[in-house]
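Chemist: This is a predicted model, with the sequence first.
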Amino acid sequence: MEINPALLTDAIRASVAQQADWTIEWVSPRRADDWAEYRDAQFLAKVGLSQHQEALAAFWPAGGPQWDALGISSSKDVILVEAKAHFDELTSHCGAGEGSRAVIDAALGNTKAALGAAPDTNWSSPYYQYANRLAHLQFLRALGISTRLAFVYFYGDTDMKGPMSSSEWKQRLIPVKEQLGIGRPLEEIGVVDIFIPVQALDVPVV
């Protein structure tokens, strides 16, 4: 995702009620490294948290979430971004092998407990990707690292046959959040939903 830094920063700032001088340094994707997106130890390195690589490897097997964008705010929050352009991207299933699946199930179970979801709630399907992003958010927060997870939903993308309004996205997200059964408002754990018209991206990228 070729980010327009000001567009995304302004949207996140408004959603978390920060002052105008609150900024985000976007460390990926960047033109200088061919818009690369990062996961596992590399994502920790990009946000200055390499000291936690062993802890992440114990928490989640290799091949974890690949973040659409990573940033560090002026108040030292880690910013994780997951972006979607159409409804089909919401659905995913855990296809890990037996050994990795045991590690993932343990991580998801710990995250459910931390977020107040029932232990028998199915986080492996059909909204596995959403769930594993929450797990990584909780992983960092459990380490005492101030972290925000921004789910960015683009609308008006006729090429992708995506939703044409933010209200369509909000309606479609209701069953996702119900399925996960989280017992706390997501805003309390650093999750923000951002809705952006694709037409707003038609500006020079910095």
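Modeler: Perfect, thanks for sending it.

Chemist: Ala107 belongs to a helix?
Modeler: Yes - Ala107 forms part of a helix when assessed by DSSP: H, G, I helix; E, B strand; the rest coil.

Chemist: From Tyr38, how far off is it?
Modeler: According to Cβ to Cβ, to the nearest Å, Ala107 and Tyr38 sit 19 Å apart. All C-beta atoms are positioned from the backbone trio N, CA, C, and that covers glycine.

Chemist: same thing with Ile145?
Modeler: 16 Å.

Chemist: in what helix or strand does Lys76 lie?
Modeler: For Lys76, there is no host helix or strand (DSSP states H and E).

Chemist: what sits against it?
Modeler: Ser146 (Cβ atoms under 8 Å, 6 or more residues apart in numbering).

Chemist: What values do phi and psi take at it?
Modeler: Dihedral pair for Lys76: phi 70, psi 20, per degrees, to the nearest 10.

Chemist: what's the closest non-adjacent residue to Gly162?
Modeler: His86 (3.7 Å; Cβ to Cβ, 6 or more residues apart in numbering).

Chemist: sec struct for Leu149, please.
Modeler: strand.

Chemist: Ile145 and Tyr38: which is more packed in?
Modeler: Shown here are Ile145 and Tyr38; by other Cβ atoms under 10 Å, Tyr38 has more neighbours (20 against 15).

Chemist: Surely the more buried one is in contact with Leu49?
Modeler: No - applying Cβ atoms under 8 Å, one finds Tyr38 not in contact with Leu49, separated by 11.8 Å.

Chemist: roughly how far out does stretch 187-202 sit from the chain middle?
Modeler: 11 Å (Cα atoms, centre = their mean, to the nearest Å).

Chemist: list the buried ones in the one helix or strand in the chain whose mean pLDDT sits lowest?
Modeler: Across the helices and strands of the chain, mean pLDDT, DSSP states H and E gives its lowest value to helix 5-15, namely a mean of 89. Neighbour-count burial for helix 5-15, counted by 16 or more other Cβ atoms under 10 Å, picks out 7-9, 11-13, 15.
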